[in-house]
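J.: Test case, fold it:
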Amino acid sequence: MAVLSVNVNKIALLRNSRGRDFPSVIHYVERIISLGVKGITVHPRPDERHVTKKDVLDINECLKSHPGVEFNIEGYPSREFLKLVLAVCPNQCTLVPDEPSQLTSDHGWQIARNRALLADAIASLREAKIRSSLFLDPIPDLLDEVQEVGTDRIELYTEEYASRFGAHEENLVWQKYSDTAKRAAELNIGVNAGHDLDLKNLARFLEIPEVLEVSIGHALVVEALDQGLNSVIKQYLEITNC
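T.: This next block holds a predicted model:
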């Protein structure tokens, strides 16, 4: 069983395109939770092109009425980002190696090049009792470096799996993820996953038993346009057995 955490960035992006609070991010957070989802994810970026600092604060306030729902904040560990995270104290903070101009996350951390940055950020999160997670490519040998910086979890960057799903390389690529997850578990590091997972490819990915949480946003919103939000959330919860 894996926890489904819904990323609401695309709801905020749609709202921002019209300059008023419609659709309301909080309305959809409440609606998603009412359908049985136990996690909400946001990735605030410096230019606030989708989720804003105010959204983060508002969602955090909203979730105080839903103690069974976890809040996960993703982002590059800049001083301003960590200041926001430490002010909010979410359940989890996922550190990603995004440059400010990046359209979306597209690679995991190079731990050796960023060891001091990551170790300091993770220490700050631990002191605040916030679970830490590092965005990571599916490379088992990286787990020794991950262990050195002391993170609680990794989030496997799943674009490679999603892009190979249904192709002849699928099993080979899936095995890379499975091997990485297994190695993480051996080191007592939890395993999350996210990026381009959807209703078609998620069940196969979750044959990896170590996966604790999946974060899904873009695909879920697109699927909801076709099928309706209630139906899509129900299908995801069935796949994750939540």
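J.: dump the residue contacts of the residue nearest to the spatial centre of the chain.
T.: Taking C-alpha atoms, centre = their mean, the centroid of the chain lies closest to Ser215, which sits 4.1 Å from it. Residues near Ser215 by C-beta atoms under 8 Å, 6 or more residues apart in numbering: Ser5, Val6, Asn7, Gly39, Thr41, Asn72, Glu74, Thr94, Glu155, Asn192, Ala193, Gly194. For every residue, glycine as well, the C-beta is placed using N, CA and C.
J.: right, and Asn72 touches Pro44 too?
T.: No - look at Asn72 against Pro44 with C-beta atoms under 8 Å: they stay out of range, at 11.8 Å.
J.: what's the burial count for the nearest residue to Ala123 once chain neighbours are set aside?
T.: In space, and not counting its chain neighbours, Ala123 is closest to Gly150: 7.2 Å by C-beta to C-beta, 6 or more residues apart in numbering. Using other C-beta atoms under 10 Å, Gly150 has 14 other residues around it.
J.: sorry, back to before: which one of the contacts of Ser215 is nearest Lys182?
T.: For those, the minimum distance to Lys182 (C-beta to C-beta) is 13.6 Å, reached by Ala193.
J.: tally of neighbours for the closest one?
T.: Around Ala193 there are 27 residues (other C-beta under 10 Å).
J.: Would you agree it falls within a strand?
T.: Yes - the assignment for Ala193 (DSSP: H, G, I helix; E, B strand; the rest coil) places it in a strand.
J.: Look up how far Ile239 lies from the residue lying closest to it once chain neighbours are set aside.
T.: Nearest-residue entry for Ala193: Leu156, 4.4 Å, with adjacent residues in sequence omitted and distances by C-beta to C-beta, 6+ apart. Separation of Leu156 from Ile239 (C-beta to C-beta, to the nearest Å): 17 Å.
J.: out of these two, which sits in the more crowded spot?
T.: Just comparing Leu156 and Ile239: by other C-beta under 10 Å the higher neighbour count belongs to Leu156, 27 against 18.
J.: hmm, back to that, please produce a markdown table containing the contacts of Ser215, extended by secondary structure.
T.: Below are these laid out as a markdown table (three-state DSSP):
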| residue | secondary structure |
| --- | --- |
| Ser5 | strand |
| Val6 | strand |
| Asn7 | strand |
| Gly39 | strand |
| Thr41 | strand |
| Asn72 | strand |
| Glu74 | strand |
| Thr94 | strand |
| Glu155 | strand |
| Asn192 | strand |
| Ala193 | strand |
| Gly194 | strand |
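J.: Enumerate every residue touching Arg204.
T.: Applying C-beta under 8 Å, 6+ apart, the residues contacting Arg204 are Phe165, Glu170, Trp174.
J.: Take these and lay them out in a markdown table including pLDDT and secondary structure.
T.: Converted to a markdown table, the contacts of Arg204 look like this (pLDDT from 0 to 100; DSSP: H, G, I helix; E, B strand; the rest coil):
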| residue | pLDDT | secondary structure |
| --- | --- | --- |
| Phe165 | 97 | coil |
| Glu170 | 97 | helix |
| Trp174 | 98 | helix |
